[in-house]
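Asks: could you work out the structure for the sequence below:
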Amino acid sequence: MENNDNGNLTVWQKLSHAFGPNALLNQDYPTYKFDRKDLLKTTSKQEYDKELLQAQQTYYLANQWTKIESNMYTQSVYYEPTRLASFYDYESMEYTPEISAALDIYGEESTTVDENGYMLQIYSESKRIKSILADLFNNVMDVNTNLPMWVRNTCKYGDNFVYLKLDSDKGIVGCMQLPNIEIERLERGMPAQAAKQNIDEPIENKGLRFNWKAKAMEFNSWEIAHFRLLGDDRKLPYGTSMLEKARRIWKQLLLSEDAMLIYRTSRAPERRVFKVFVGNMDDKDVEPYVQRVANKFKRDQVVDSKTGNVDLRFNQMAVDQDYFIPVRDAAAPNPIDTLPGATNLSEIADIEYIQKKLLTALRVPKAFLGFEEPVGGGKDLSLMDIRFARTINRIQKCMIAELNKIAIIHLFLLGFEDELSNFTLGLTNPSSQADLLKVDLWKEKILLYKDAVTSIEGIAPVSVSWAKKHVLGFSDEEIKLDLQQQRIEKAVGAELTNTATIITHSGIFDNVDKLYGNKSGSTANAGGAPPPPGGDEGGEPPPPPPPGPEPGGAAGVTPESFKRNNLKILLESNSLTDEDSYIDLSKGKNSLGEMEAQLSKLLKD
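Replies: Down below sits the predicted model:
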């Protein structure tokens, strides 16, 4: 029995409510309140007719919804055998080098790392949420290793099912790849078996769930991450493979390549014609005679494995076998002629035509697969890169949609129910040319904006607000916000200008001044700077100069002035140049002999 009190629900029940039919996403059945037992008490004929008409329309809509649901279920049932057949084709297409390379390109381009070495970028206003999601994707799920494989499987099959290992306290603690061909997605209102279609299902079965047919296991929507490429509504609720459009062309290419190889094998070799002189020999004896002559050169008999007899009907001519033809004219020239092999082996226009159609279906530029060299200094390849980047961006959006679901589940289990939307996930744009085009576009907009607001004889062509709205595309609210930001930035700039008068001593260079500061008694204005005001001018007297060395004494000691043979050791202290900061080990070195003698004397006693 369903309990509406969230305080008595377990974390898994809360998760089912969040992702089930009763979620806040308005994914439950539409409610049509209509009951024939309801009584309407009114004295108005007009109100009665209105309520009756509304009840009839409500009943009609309820029937419409039931029919549509039944139709969707029938569509998914009929598509299931077709889906399995297509999966077997996808497995066979994997062995075609062009298609395998295209799948690798999909996976590599969709998971390009950024300058920091991360495939997935995480943005959040909360540092805690960002660190939690970074730990989830980079350490727990290891997206740098798993995401390229997930993208490749998604492009290959159109679907990819990943099981999430969940913990009530730690959230998502791991993941596991499931066999795509054995997982069935059951939408709301779709029973797992056709026999249950007319049976009322419990409320928990109205939501999205997954079924592992081979293991007879059923999973909730929050246990499975279903990556899918949505491109064809006929294949709903599953995705559409990137290889779907190439299935028919791929079969034609295989047939054409096999025919080409058979033709090359049978027609390419040269053969020779031997003319055997038979004179006036009887016609019945010509064939045995020619065969006997041919057998002197070659013996190519086929033995039947069942009877052990020689069956000449299956003695097919080998590709390098020659012809022996009887000739009655003794003066016939050229007793041995050479038949040339096929001379049109280089003509493969039909193969190239089918191959171009295959690459068109895969939407991968030929230059990317190595079939042609980029021309025009790579400019054409750059344009193809931009068009191909749009395909990659569509794949990335489908992957990010499910990665967002994984992040929401993890945050929900950790208790961050109020922070479920406080993050944004992104994948690196694989096309640098697309970014450069965006930069060039903004350059042109800024130049146009400057020309539009520059005054000509005291009058600008348009106002700044008009230029921001029609050139830069700002809305009225964005223009107000931009003006407020500029005012704050001007205040910040004014404060930065007065920094020298506000902060007179930062203290960053104190350690360097103590080590390398001039304390020998020379004036601080040795560089020629004028003295500060004061003294004779009526101001405060200048500070006294630092004490110099005593007459006849040594100069001030600095760390660089000590000699290595004094065996000095530098200690941590406030003053690094004081004499007390050093230990002179030479005195102890001179007393070692006396100390040894005293110890020996004590030991003898």
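
Asks: the bottom helix or strand of the chain by mean pLDDT?
Replies: strand 569-570 (a mean of 47; mean pLDDT, DSSP states H and E).

Asks: show the contacting residues for D350.
Replies: For D350, the contacting residues are S256, by Cβ atoms under 8 Å, 6 or more residues apart in numbering. Placement of C-beta: from N, CA and C, glycine included.

Asks: and the pLDDT for it?
Replies: With respect to pLDDT, D350 scores 81.

Asks: tell me how far it lies from D510.
Replies: 82 Å (Cβ to Cβ, to the nearest Å).

Asks: same deal with A102?
Replies: Where D510 is concerned, A102 sits at a distance of 63 Å (Cβ to Cβ).

Asks: ok, L358 next?
Replies: 72 Å.

Asks: neighbour count for those two, which is higher?
Replies: Of the pair L358 and D510, L358 is the one with more neighbours under other Cβ atoms under 10 Å, namely 22 against 11.

Asks: could you point out which element follows the host helix or strand of that one?
Replies: Here L358, judged by DSSP states H and E, is contained in helix 349-362. For helix 349-362, the succeeding helix or strand toward the C-terminus, using DSSP H and E, is helix 379-413.

Asks: got the angle for that following helix vs helix 349-362?
Replies: With axes from the mean of the first three to the mean of the last three Cα atoms, to 10 degrees applied, the angle from helix 379-413 to helix 349-362 works out at 40 degrees.

Asks: now for the helix or strand just after helix 379-413, which elements pack on it?
Replies: From helix 379-413 onward toward the C-terminus, using DSSP H and E, the following helix or strand is strand 424-427. Packing partners of strand 424-427 (3 or more Cβ pairs under 8 Å, 6 or more residues apart in numbering; DSSP states H and E): strand 120-123, helix 379-413.

Asks: what is the rounded mean pLDDT of the last one?
Replies: The average of the pLDDT scores along helix 379-413 is 82.

Asks: quick one: buried residues of that helix?
Replies: 381-382, 384-385, 388-389, 391-393, 395-396, 398-400, 402-403, 405-413 (16 or more other Cβ atoms under 10 Å).

Asks: about what we covered before: any idea which of the helices and strands packed on strand 424-427 gets closest to G171?
Replies: Ranking those by proximity to G171 (Cβ to Cβ) places helix 379-413 first, at 4.2 Å.

Asks: and E287, what element?
Replies: Going by DSSP H and E, E287 is in helix 283-297.

Asks: what helices and strands are in contact with that helix?
Replies: Packed next to helix 283-297, using 3+ Cβ pairs under 8 Å, 6+ apart, are strand 271-277, strand 323-327.

Asks: could you dump it to CSV, C-alpha only?
Replies: Extracted in CSV, the C-alpha atoms of helix 283-297 (Å, rounded to 0.1, in the frame of the first residue of the first chain):
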residue,chain,number,x,y,z
ASP,A,283,36.4,-37.9,-85.5
LYS,A,284,35.8,-40.5,-82.8
ASP,A,285,39.5,-40.8,-82.1
VAL,A,286,40.3,-37.1,-82.1
GLU,A,287,39.0,-36.4,-78.6
PRO,A,288,40.8,-39.3,-76.8
TYR,A,289,44.0,-38.4,-78.7
VAL,A,290,43.8,-34.8,-77.7
GLN,A,291,43.0,-35.8,-74.1
ARG,A,292,46.0,-38.1,-74.1
VAL,A,293,48.2,-35.3,-75.3
ALA,A,294,46.9,-33.0,-72.7
ASN,A,295,47.4,-35.5,-69.9
LYS,A,296,51.0,-35.6,-70.8
PHE,A,297,51.2,-32.0,-69.7
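
Asks: so which bits of it are buried?
Replies: For helix 283-297, the neighbour count (16+ other Cβ under 10 Å) marks 290, 294 as buried.

Asks: now do it against strand 271-277, angle only.
Replies: Note on geometry: by the same axes, to 10 degrees, helix 283-297 and strand 271-277 are set 130 degrees apart in direction.

Asks: for the record, mean pLDDT for helix 283-297?
Replies: 79.

Asks: longest strand in the chain, please.
Replies: strand 159-167 (DSSP state E).

Asks: who are the packing partners of that strand?
Replies: helix 143-157, strand 171-177, strand 183-186, strand 224-228, helix 379-413.

Asks: same for the fourth one, what does it pack against?
Replies: To tie it back to what came earlier, the one meant is strand 224-228. On a contact count with 3+ Cβ pairs under 8 Å, 6+ apart, strand 224-228 meets helix 143-157, strand 159-167, helix 379-413.

Asks: which of those sits closest to A367?
Replies: Using Cβ to Cβ, the nearest of the helices and strands packed on strand 224-228 to A367 is helix 379-413, at 5.2 Å.

Asks: now do that closest one against strand 224-228, angle only.
Replies: Calculated by the same axes, to 10 degrees, helix 379-413 forms an angle of 160 degrees with strand 224-228.

Asks: and helix 379-413 with strand 171-177, angle?
Replies: 130 degrees.

Asks: Y157 - how many residues pack around it?
Replies: 26.

Asks: ok, the one 10 residues further on next?
Replies: A count of neighbours around D167, defined by other Cβ under 10 Å, yields 12.

Asks: hmm, it is touching H410, no?
Replies: No: between D167 and H410 there is no contact under Cβ atoms under 8 Å: 10.1 Å.

Asks: thinking again about what came up before, dump the helices and strands packed on helix 283-297 to a markdown table, plus distance to A597.
Replies: Converted to a markdown table, the helices and strands packed on helix 283-297 look like this (distance: least, Cβ to Cβ, whole Å):
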| stretch | distance to A597 |
| --- | --- |
| strand 271-277 | 113 |
| strand 323-327 | 118 |
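
Asks: out of these, nearest to T154?
Replies: strand 271-277 (52.9 Å).

Asks: mind listing what's buried in that closest one?
Replies: Per 16+ other Cβ under 10 Å, strand 271-277 contains these buried residues: 271, 274-275.

Asks: one more: stretch 129-138?
Replies: Within stretch 129-138, the residues that count as buried by 16+ other Cβ under 10 Å are 129, 132-133, 136-137.

Asks: for it, what does the pLDDT average out to?
Replies: 92.

Asks: contacts for it?
Replies: For stretch 129-138, contacts defined as Cβ under 8 Å, 6+ apart pick out 118, 120, 122-124, 143-144, 171-172, 403, 406-407, 410-411, 414, 416, 419, 422-423, 425.

Asks: selection in PyMOL covering whichever of the residues you listed are buried, please.
Replies: With 16+ other Cβ under 10 Å as the burial test, the buried ones among those are selected in PyMOL as follows:
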select buried, resi 120+122+124+143+171+172+403+406+407+410+411+414+416+419+423+425
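
Asks: wait, I224 touches L208, no?
Replies: No: between I224 and L208 there is no contact under Cβ under 8 Å: 9.2 Å.
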